[in-house]
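Chemist: Sequence first, then the predicted structure:
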Protein chains: 2
Amino acid sequence: MTDSITKMSDQLFPYQQLWDFSNTVFLKIGCPPDQAKQATDVLLSADLRGVDSHGLARLSGYVRLWEAKRINATPSMKIVHESPSTAVVDGDQGLGLVIAPYAMDIAISKAQLCGTGWVAVKNSNHFGIAGYHSMKALSHDMIGISMTNASPLVAPTFSVERLLGTNPICVAIPAGSQPPFVADFATTTAANGKLEILQRKNLDAPEGWIQNKQGGVSTNANELKEGGALLPLGSDREHGSHKGFCLGAWVDIFSAVLSGANYGPWVPPFVSFLAPPTDPVGEGIGHFFGAMRVDAFRPVEDFKHHMDNWISRFREAKTMEGYDKLIIPGDPEREFEATRRRDGIPLNEKVVTDLSELGQKLGVIF
Amino acid sequence: MTDSITKMSDQLFPYQQLWDFSNTVFLKIGCPPDQAKQATDVLLSADLRGVDSHGLARLSGYVRLWEAKRINATPSMKIVHESPSTAVVDGDQGLGLVIAPYAMDIAISKAQLCGTGWVAVKNSNHFGIAGYHSMKALSHDMIGISMTNASPLVAPTFSVERLLGTNPICVAIPAGSQPPFVADFATTTAANGKLEILQRKNLDAPEGWIQNKQGGVSTNANELKEGGALLPLGSDREHGSHKGFCLGAWVDIFSAVLSGANYGPWVPPFVSFLAPPTDPVGEGIGHFFGAMRVDAFRPVEDFKHHMDNWISRFREAKTMEGYDKLIIPGDPEREFEATRRRDGIPLNEKVVTDLSELGQKLGVIF
């Protein structure tokens, strides 16, 4: 889901300029040209779609992980286990931005042969925006699924320990004349990116997003720095946080216990200044991808006709006062993309400074 | 998730007595013996596991649907479309309690051959407790997934119309020395069964479970009778109800748009006194099942070792004051089952009366 609101102080940059910068940075750290291009496509897709926390704002973070030798710029990705409809990929500590599309392509090939394909990945890093990977399936008339585990920031119901990441899921479903259904969401009440926006603005968080280190209610947007935690979707037990915990756990187990990656509190942090756990239970972080051929279930035209009908019916539902329409999953991101391709991508002052410094360090003009 | 608390006024019945009664009722309405047994196993599994709303309390509802000729006691279930890893089943308007295990077995067979199996079902009815179906996969060292759409009671974010059911998902994952991980939950803040408990006790509902017919906040547990709606997991936009909507929509599309069943507001109601829509977009209600062979990803022993480690680590996490441990998905239902197999199954006074009347009507002693 989008976590961005363009502010007056943001500067607008053309897509191509940012793309070229990112691509050159990845080349500078030694990525092969096809991988630099792939990583850049994924990263910029987040900026286009309004998920600013997962776009260029993270570029210097990836570079710092490479400097710390926690990202391998020239990975030998390979399948280490497979069946007709499944595979496990070892990402060789490469960029998740590159490993994820590689794994999703395998899921799509498996689906072409036997209806569906399912790929678990180990030994990877942050894969960027989940939506990019699921949406690869759409042009093949397939449903795409992607999920990943992430650094532990979330306390399950009743816990004061952070045991899970924000563990997003994305399901992308093709339609006919309607745009595709693309549900891309963290399994927490609010994604970490939303909290970061409040931090930058010195605003409080709504109750139900975070807890303090004793597990009590907190509205301090900086609570995570003081031992607090994000809450699973549902916020508290009475409002179903145990279900949000189930979802985050599901993502963790599919991504990491199936693949052989680290899970739960053992997932290595994205930030280079925090060391990974010294007692790993697997390799790197884990992802899980799925592709299902629509015509493995029913003729594509029938399916698309009914998806169009589904989407129209929901889009035209009666709304409560103050709202003119329902939001169909994928609508906001698609609107962001149209605007930003036309007008440019807004970057926050801090991100601009960060990218300029990164450019200077690597000898790339920003 | 469990929705039951044994009350003083509840009467305890031995499992076998209730099983025999249910089996005889299904035989009386014309089910073949193997189907009567299967339907009874599923129904009683809900009572054992503490999901009382989905157990014997629904038996007379199934019979009324049969009387209204909306359930076929002798269905010819069949595969109408398939690929190596997928199938679509036409349930021929049979009992969902019978169609669901039939479809899950197909998913398991497909998984044996090609790693995973995925089955969408149309022309079915209420399938009882989701957990029963997913858990069939466990003894095969497979992960089991089940989901179903249901009568529209839920308003998506910003909607005043009820467009989705409580659309549950269950994921069952085998472990080694630990009991399996079984997450079985409605994609709403609270399941309808929880609301029914409050209605029986004349209690208010917490804020965030339901809205009134204008979309406003309500705590009236009877609000659904006055045009109100259940809310998606997350309760409101600020707390992520759009994510709960994504989940419910995902279940609806996989269960019904993939299979050719009715979806969204067209799903026929479970209760016989409400007529199904006169403009159906598909056949009956829809389900979706998955089975994934663990060894299609990694050796079973490795997987189980790490699942045990995952479960132990979460079970032993530090808790907030007032709670002595985290609840691992599946724990409460397993505890209910142990107690109820030993002490009997508690039935509410109204359910006892209802079953006695049903017995009298069909000439079966309760």
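Modeler: It's in. All of these numbers come straight from a predicted model, not from anything done at the bench.

Chemist: Tell me where the stretch 51-200 of chain A has strands.
Modeler: Under the criterion DSSP state E, counting those that start in this stretch, the stretch 51-200 of chain A contains strands at A:78-83, A:86-90, A:116-124, A:142-148, A:169-173, A:181-185.

Chemist: Can I get the ones you listed in JSON lines including distance to chain B?
Modeler: No exception for glycine: its C-beta is placed from N, CA and C like everyone else's. Converted to JSON lines, those look like this (distance: least, CB to the nearest CB, whole Å):
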{"stretch": "strand A:78-83", "distance to chain B": "3"}
{"stretch": "strand A:86-90", "distance to chain B": "4"}
{"stretch": "strand A:116-124", "distance to chain B": "5"}
{"stretch": "strand A:142-148", "distance to chain B": "8"}
{"stretch": "strand A:169-173", "distance to chain B": "5"}
{"stretch": "strand A:181-185", "distance to chain B": "4"}
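
Chemist: low-confidence ranges in chain A?
Modeler: For chain A, the stretches with pLDDT under 70 are A:1-9.

Chemist: quick one: the helices in it?
Modeler: Under the criterion DSSP state H, chain A contains helices at A:15-28, A:33-48, A:59-67, A:96-114, A:130-135, A:192-200, A:241-252, A:300-315, A:331-343, A:349-362.

Chemist: In TSV, list those helices along with distance to A:Gly284 and mean neighbour count.
Modeler: Formatted as TSV, the helices of chain A follow (distance: least, CB to CB, whole Å; neighbours: other CB atoms under 10 Å in any protein chain shown):
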stretch	distance to A:Gly284	mean neighbour count
helix A:15-28	19	19
helix A:33-48	16	22
helix A:59-67	11	19
helix A:96-114	9	24
helix A:130-135	17	28
helix A:192-200	20	18
helix A:241-252	14	28
helix A:300-315	36	18
helix A:331-343	27	15
helix A:349-362	23	15
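
Chemist: Specify the stretch among those that is closest to B:Lys361.
Modeler: helix A:241-252 (38.2 Å; CB to CB).

Chemist: Can you name every helix or strand that that closest one contacts?
Modeler: Packed against helix A:241-252 by the contact rule (3 or more CB pairs under 8 Å, 6 or more residues apart in numbering or on different chains; DSSP states H and E) you find strand B:181-185.

Chemist: Strand partners (parallel or antiparallel) of the strand it packs on?
Modeler: If you go by DSSP bridges, strand B:181-185 pairs up with strand B:169-173 (antiparallel).

Chemist: got the CA positions of the strand it pairs with in PDB?
Modeler: Extracted C-alpha coordinates of strand B:169-173, given in PDB (Å, rounded to 0.1, in the frame of the first residue of the first chain):
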ATOM      1  CA  ILE B 169      -8.600 -19.000   5.800                       C
ATOM      2  CA  CYS B 170      -6.900 -22.000   7.400                       C
ATOM      3  CA  VAL B 171      -3.300 -22.900   7.100                       C
ATOM      4  CA  ALA B 172      -2.100 -26.100   8.700                       C
ATOM      5  CA  ILE B 173       1.600 -26.800   8.900                       C
END
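
Chemist: quick one: A:Ile311 from B:Asn149, how far?
Modeler: 16 Å (CB to CB, to the nearest Å).

Chemist: Spell out which parts of the stretch 51-200 of chain A neighbour chain B.
Modeler: Within the stretch 51-200 of chain A, the positions near chain B by CB under 8 Å from any CB of the partner chain are A:81-86, A:88, A:113-116, A:118, A:120, A:156-161, A:163, A:171, A:173, A:181, A:183, A:185-190.

Chemist: for the residue of the stretch 151-300 of chain A found nearest chain B, what are its contacts?
Modeler: Using CB to the nearest CB, the closest approach of the stretch 151-300 of chain A to chain B is made by A:Gly215 at 2.9 Å. A:Gly215 is in contact with A:Ala155, A:Phe158, A:Ser159, A:Val160, B:Thr319, B:Met320, B:Glu321, counting by CB atoms under 8 Å, 6 or more residues apart in numbering or on different chains.

Chemist: buried subset of these?
Modeler: Among the contacts of A:Gly215, those classed as buried by 16 or more other CB atoms under 10 Å in any protein chain shown are A:Ala155, A:Phe158, A:Ser159, A:Val160, B:Thr319, B:Met320.

Chemist: Export those residues as JSON lines, with columns for distance to B:Leu44.
Modeler: Formatted as JSON lines, those follow (distance: CB to CB, whole Å):
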{"residue": "A:Ala155", "distance to B:Leu44": "36"}
{"residue": "A:Phe158", "distance to B:Leu44": "30"}
{"residue": "A:Ser159", "distance to B:Leu44": "34"}
{"residue": "A:Val160", "distance to B:Leu44": "39"}
{"residue": "B:Thr319", "distance to B:Leu44": "34"}
{"residue": "B:Met320", "distance to B:Leu44": "36"}
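
Chemist: Please identify which of the residues you listed is nearest to B:Gln93.
Modeler: Closest to B:Gln93, out of all of those and judged by CB to CB, is A:Phe158, at 43.5 Å.

Chemist: Verify the stated contact: that closest one with B:Lys318.
Modeler: No - if you go by CB atoms under 8 Å, A:Phe158 and B:Lys318 don't touch, sitting 9.8 Å apart.

Chemist: hang on, the earlier thing: can you tell me which of the contacts of A:Gly215 lies closest to B:Ile129?
Modeler: For these, the nearest to B:Ile129 is A:Phe158 (24.5 Å; CB to CB).

Chemist: how about that closest one, phi and psi?
Modeler: The phi/psi pair for A:Phe158 (degrees, to the nearest 10) reads phi 80, psi -10.

Chemist: now A:Val351: how far from chain B?
Modeler: From A:Val351 across to chain B, the span is 26 Å (CB to the nearest CB, to the nearest Å).

Chemist: Next up, the contacts around that residue.
Modeler: A:Val351 is in contact with A:Leu56, A:Ala57, counting by CB under 8 Å, 6+ apart.

Chemist: any idea how far B:Ala275 is from it?
Modeler: Computed with CB to CB, the distance linking A:Val351 and B:Ala275 is 57 Å.

Chemist: likewise A:Asn309?
Modeler: For A:Asn309, the distance to B:Ala275 - CB to CB - is 21 Å.

Chemist: A:Arg298 too?
Modeler: As defined by CB to CB, A:Arg298 lies at a distance of 27 Å from B:Ala275.

Chemist: Among those two, which residue is more densely surrounded?
Modeler: Comparing A:Arg298 with B:Ala275 by neighbour count (other CB atoms under 10 Å in any protein chain shown), the higher total belongs to A:Arg298, at 19 against 10.

Chemist: wait, the more buried one sits on B:Gly260?
Modeler: Yes - using CB under 8 Å, A:Arg298 is in contact with B:Gly260, at 5.9 Å.
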